[in-house]
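> Next come a sequence and a model predicted from it.
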Number of protein chains: 2
Amino acid sequence: MQQDPELEALRGSIDNLDAAIINLLAERFKITQRVGLLKKEHGLAAADPEREELQIARLRRLAQEANLDPEFAQKWLTFVVAEVVRHHQALGAE
Amino acid sequence: MQQDPELEALRGSIDNLDAAIINLLAERFKITQRVGLLKKEHGLAAADPEREELQIARLRRLAQEANLDPEFAQKWLTFVVAEVVRHHQALGAE
């Protein structure tokens, strides 16, 4: 099975997609770092539940259009935002 | 602050990146679904710790090159793979 050519091809595609996503996430974090600094300058809270609610609704809709489980899209965003908030809090604590 | 033009522009970029990532994740799940079917056909386990170890090492390296926290990249992959394994197990249970 290690040499199954279809499995190998599929895994190659997964690896390519993961590389693309990691680079997009790197870009996303560069931007949220700037957002974190702006929020700190303006004395705003790291988390923004209202904005997050809009993001969740939008990503669920995009997921549905792309045939991705909307529950997963929501969990995914929650996971990423939690990491961003952790960074912002670390920034605020400096 | 709601109308801060820089914050609004940054949020627009975050939303664009998220839309791109959601579409790449949709594609990734299409592929892992096919992998799940192949594994089922061959009677293989849903999880593959050896493959996962290679993926983690690679993504950590890619993250570092892109200036993203390698710890985050690893946590991210673990999160996504857990969801995939959950799907594979559901498939196996059918």
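That came through, no problem.

> ok, the residue nearest to A:V84 when sequence neighbours are not counted to B:Q64 distance?
With Cβ to Cβ, 6 or more residues apart in numbering or on different chains as the measure, A:T32 is the residue that lies nearest to A:V84, at 4.6 Å, once sequence neighbours are left out. Just so you know, the C-beta spots here come from the backbone N, C-alpha and C atoms, and that holds for glycine as well. Here A:T32 is placed at a distance of 19 Å from B:Q64 (Cβ to Cβ, to the nearest Å).

> same check, this time on A:H42
Distance from A:H42 to B:Q64, by Cβ to Cβ: 32 Å.

> which of those two has more neighbours?
Comparing A:H42 with B:Q64 by other Cβ atoms under 10 Å in any protein chain shown, the one with more neighbours is B:Q64, at 13 against 10.

> what about the more buried one, helix or strand, and which?
helix B:49-65 (DSSP states H and E).

> Just the CA atoms of that helix, as CSV, please.
Only the C-alpha atoms of helix B:49-65 are listed here, as CSV (Å, rounded to 0.1, in the frame of the first residue of the first chain):
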residue,chain,number,x,y,z
PRO,B,49,1.1,8.2,12.7
GLU,B,50,4.2,7.7,10.5
ARG,B,51,2.8,9.8,7.6
GLU,B,52,1.6,12.4,10.1
GLU,B,53,5.1,12.7,11.6
LEU,B,54,6.5,13.5,8.2
GLN,B,55,3.8,16.0,7.5
ILE,B,56,4.4,17.8,10.8
ALA,B,57,8.2,18.1,10.2
ARG,B,58,7.6,19.4,6.7
LEU,B,59,4.9,22.0,7.8
ARG,B,60,7.1,23.2,10.7
ARG,B,61,9.9,23.8,8.2
LEU,B,62,7.5,25.6,5.8
ALA,B,63,6.1,27.7,8.6
GLN,B,64,9.6,28.8,9.7
GLU,B,65,10.4,29.9,6.1
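
> Good, wrapping up.
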